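Asker: coords below, sequence missing:
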Ligand SMILES: *Cc1c(COP(=O)(O)O)cnc(C)c1O
């Protein structure tokens, strides 16, 4: 019997042609446009097959060996394998693989060590902070007292003097390291030192760089942080989800904070798919992928700078490039719309200290497709031509189709 009978018999096409058409169209969209959205990637066929497997039906509230539901023997084994692989991959004493998203991992991490009203220091929302850094629209802003540290207006780098000053002034219960758009490595040793000085927990949200750390292409926060919240679907290339890493001393608090405090039964198909992705991420091929992803971002940033974009921090250490199109005569939002019409799919992000919006690009997905330096040169030229007005979006769209045809994300 096949692992994914539903997909292979194409039952959906017969039963529900309307939805089947949408799924086909989405695969076509992903294959024929350029996925430069920094948070996205192409999970492997093995990961997708696991998501579509019978484990999706299984209820398994609790943890391996201690479940509320019956029939969990195989679900237990799948979760134990996911936990062991995550611990080995990141060199952590404990892993919880149940969080449904990155944000739910962060919610559980906060719940493990904070009480409502506690003070937290995190990168400010206008400088690349995530919603979970105290946005009034998010649980974090309602339940905790956040202070934002900032980026230096000259260098675009985290202002360490200000971090230390704010930590001394506010005596936060936790300090958070992480960003949706910061293209440089955080100095984890520095943050550990400040956290120790004021008696704060250090929480690292390892989201965009998770696959880079797993593949040895970025420094690991695990030796420094009390809690590391990981996104499994960005550069790590697994199913959409979260993961929490910690030392043995916080293991029980983290597990209780995930279930039963913030979640019910975990998605066991996703837990198994995380195990598959962690297995992939432990291979030499994945290490090469992580290196290439960073090399591609570096190359792309260089070509974009040559073409006239202002590159935040002057470059990148990671998979992220933040490019301000203002020198080419267009604001970020308008540029994003024009680029979308050309099949170049990406996001905008806040530009520190200006109030403007820049383009946020990531190389995780295009690198999975096998693109290298020549493709980065073409992508940068397309971006510059479309934003600068040298090429209309329809003409660029044809070029994007031609480029992507050479790099199918799911070759037959
Ligand atoms: C992606 C990300 C998250 C989590 O996002 P989800 O959509 O909930 O998975 C949290 N913080 C940062 C800094 C991120 O980049």
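Answerer: Structure's in. What do you need? Remember, predicted model here, so these are calculated numbers, not experimental data.
Asker: quick one, what contacts whichever residue of the stretch 251-400 of the chain sits closest to the ligand?
Answerer: Scanning the stretch 251-400 of the chain for the residue nearest the ligand gives residue 320, at 9.5 Å (criterion: C-beta to the nearest ligand atom). Placement of C-beta: from N, CA and C, glycine included. Shown in contact with residue 320 (C-beta atoms under 8 Å, 6 or more residues apart in numbering): 38, 181-183, 208, 297, 360-362.
Asker: among these, which are in helices?
Answerer: Where the contacts of residue 320 overlap with helices, as defined by DSSP state H, the overlap consists of residue 297.
Asker: and the contacts of residue 320 near the ligand, which?
Answerer: Restricting the contacts of residue 320 to those within reach of the ligand (C-beta under 6 Å from any ligand atom) leaves residue 208.
Asker: farthest pair in the contacts of residue 320?
Answerer: For those, with distances taken as C-beta to C-beta, the pair at the greatest spread is 182 and 361 (13.7 Å).
Asker: the more surrounded of the two?
Answerer: For residue 182 against residue 361, the residue with the higher neighbour count under other C-beta atoms under 10 Å is residue 361, and the figures read 31 against 28.
Asker: contact partners for the more buried one?
Answerer: Contact partners of residue 361, counting by C-beta under 8 Å, 6+ apart, are 36, 38, 297, 300, 320-323, 346.
Asker: equivalent analysis for residue 35, please.
Answerer: With contact taken as C-beta under 8 Å, 6+ apart, residue 35 is in contact with 42, 345, 365-366.
Asker: which stretches of the stretch 201-350 of the chain form strands?
Answerer: 201-206, 227-231, 242-246, 310-311, 320-324, 344-345, 347-350 (DSSP state E, counting those that start in this stretch).
Asker: and those, which one's lowest on average pLDDT?
Answerer: When mean pLDDT is averaged over each of those, strand 347-350 scores lowest at a mean of 93.
Asker: among the contacts of residue 320, which ones are in strands?
Answerer: Using DSSP state E, the members of those that fall within strands are 360-362.
Asker: need those in JSON lines (columns: distance to residue 53 and pLDDT).
Answerer: Formatted as JSON lines, the entries for the ones in strands among the contacts of residue 320 read as follows, by distance: C-beta to C-beta, whole Å; pLDDT from 0 to 100:
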{"residue": "360", "distance to residue 53": "34", "pLDDT": "97"}
{"residue": "361", "distance to residue 53": "33", "pLDDT": "98"}
{"residue": "362", "distance to residue 53": "29", "pLDDT": "98"}
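Asker: just checking: which of the contacts of residue 35 also lie near the ligand?
Answerer: Counting by C-beta under 6 Å from any ligand atom, the subset of the contacts of residue 35 that neighbours the ligand is empty.
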